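Visitor: return atomic coordinates for the entry below.
(2 chains)
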Amino acid sequence: DAGVIQSPRHEVTEMGQEVTLRCKPISGHNSLFWYRQTMMRGLELLIYFNNNVPIDDSGMPEDRFSAKMPNASFSTLKIQPSEPRDSAVYFCASSRTGIGTDTQYFGPGTRLTVL
Amino acid sequence: DAKTTQPTSMDCAEGRAANLPCNHSTISGNEYVYWYRQIHSQGPQYIIHGLKNNETNEMASLIITEDRKSSTLILPHATLRDTAVYYCIVSNYGQNFVFGPGTRLSVLP
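Guide: Here you go, the predicted structure:
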């Protein structure tokens, strides 16, 4: 099993630019989660999907952030326009059902730096 | 806010058992206890979870008190590669994970 795949692994961009982070969940998993990790705030859940439908986006910081899951094998997290305070490591995770005892498996993360 | 309380840091000698405590006094009847760890710069890694019975797998053992208000993760023979931040999480559906600051475990040679 390839595990959760994220791309790019590192992204450096300038303030105001659009940033798109990508995630491929584990095959057969039908829940997908986006997290952000910073030194100040730790690991925070941004949004999660179940069967490609967004279930809870209350963690999305503001309208500059958007997430989509067009099919069961792909999701994107977009920041437009990006700001320096968005610099963080963004993790994607997937689980089999998202309900009950199923555990989340995390990808390696994307380290975003906004200058 | 995280529903769990963990010590900020702990040390353990290599080869000895590492016992990481977690308090979750407000846990409800349908909430599970999950343990994850994060090795520097990597994504969090699942370790183990349980409801009320003690659990064991190839990585660790989880001891949950009878009142379920606290638990202990046991790494039976800690190695240097077990140095990481360990997170204790309570969740009823496996998706509402709230990660606290965790315990930074340092395994010393």
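Visitor: only C-alpha atoms for contact and neighbour calcs from this point on.
Guide: Will do.
Visitor: and B:Val33, what is it in contact with?
Guide: B:49-51, B:88-91 (CA atoms under 8 Å, 6 or more residues apart in numbering or on different chains).
Visitor: these: which two are farthest apart?
Guide: Using CA to CA, the contacts of B:Val33 span at most 13.0 Å, a distance reached by B:Leu51 and B:Cys88.
Visitor: between those two, which one's more packed in?
Guide: B:Cys88 (31 against 17; other CA atoms under 10 Å in any protein chain shown).
Visitor: that one belongs to a helix?
Guide: No - if the criterion is DSSP: H, G, I helix; E, B strand; the rest coil, then B:Cys88 is strand and not within a helix.
Visitor: just the local confidence number for A:Val19, please.
Guide: Looking at A:Val19, its pLDDT stands at 97.
Visitor: spatially nearest residue to it, not counting backbone neighbours?
Guide: Leaving aside its sequence neighbours, A:Val19 sits nearest to A:Ile79 (CA to CA, 6 or more residues apart in numbering or on different chains; 5.2 Å).
Visitor: wait, what's in contact with that neighbour?
Guide: A:18-20, A:64-66.
Visitor: got TSV for those, with secondary structure and neighbour count too?
Guide: What follows is these, written out as TSV (DSSP: H, G, I helix; E, B strand; the rest coil; neighbours: other CA atoms under 10 Å in any protein chain shown):
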residue	secondary structure	neighbour count
A:Glu18	coil	14
A:Val19	strand	19
A:Thr20	strand	15
A:Arg64	coil	13
A:Phe65	strand	17
A:Ser66	strand	17
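Visitor: go through the residues you listed and name the one nearest A:Ile5.
Guide: A:Thr20 (14.4 Å).
Visitor: how about low-confidence regions in chain A?
Guide: A:1, A:98-101 (pLDDT under 70).
Visitor: can you give me the strands for it?
Guide: A:5-7, A:10-13, A:19-24, A:31-38, A:42-50, A:53-56, A:65-71, A:74-79, A:88-95, A:105-106, A:110-114 (DSSP state E).
Visitor: which one of the ones you listed is the most hemmed in?
Guide: strand A:88-95 (a mean of 27; mean count of other CA atoms under 10 Å in any protein chain shown).
Visitor: hmm, that strand in reach of chain B?
Guide: Yes - contact of strand A:88-95 with chain B (CA under 8 Å from any CA of the partner chain) involves A:Phe91.
Visitor: which residues sit against that strand?
Guide: A:4, A:6, A:23, A:25-26, A:29-38, A:102-113, B:43.
Visitor: same thing but at 6 Å, please
Guide: Contact partners of strand A:88-95, identified using CA atoms under 6 Å, 6 or more residues apart in numbering or on different chains, comprise A:25, A:29, A:31-38, A:103-107, A:109-112.
Visitor: cool, and stretch A:6-24?
Guide: Contacts for stretch A:6-24 (CA under 6 Å, 6+ apart): A:4-5, A:73-83, A:110-115.
Visitor: kindly report the same for stretch B:102-109.
Guide: By CA under 6 Å, 6+ apart, stretch B:102-109 touches B:7-14, B:80, B:83-87.
Visitor: what does stretch B:75-82 give?
Guide: So stretch B:75-82 is in contact with B:14-18, B:60, B:107, going by CA under 6 Å, 6+ apart.
Visitor: same check on stretch A:107-115?
Guide: Residues contacting stretch A:107-115 (CA under 6 Å, 6+ apart): A:4-5, A:9-15, A:84, A:87-93, B:42-43.
Visitor: cool, thanks, talk later.
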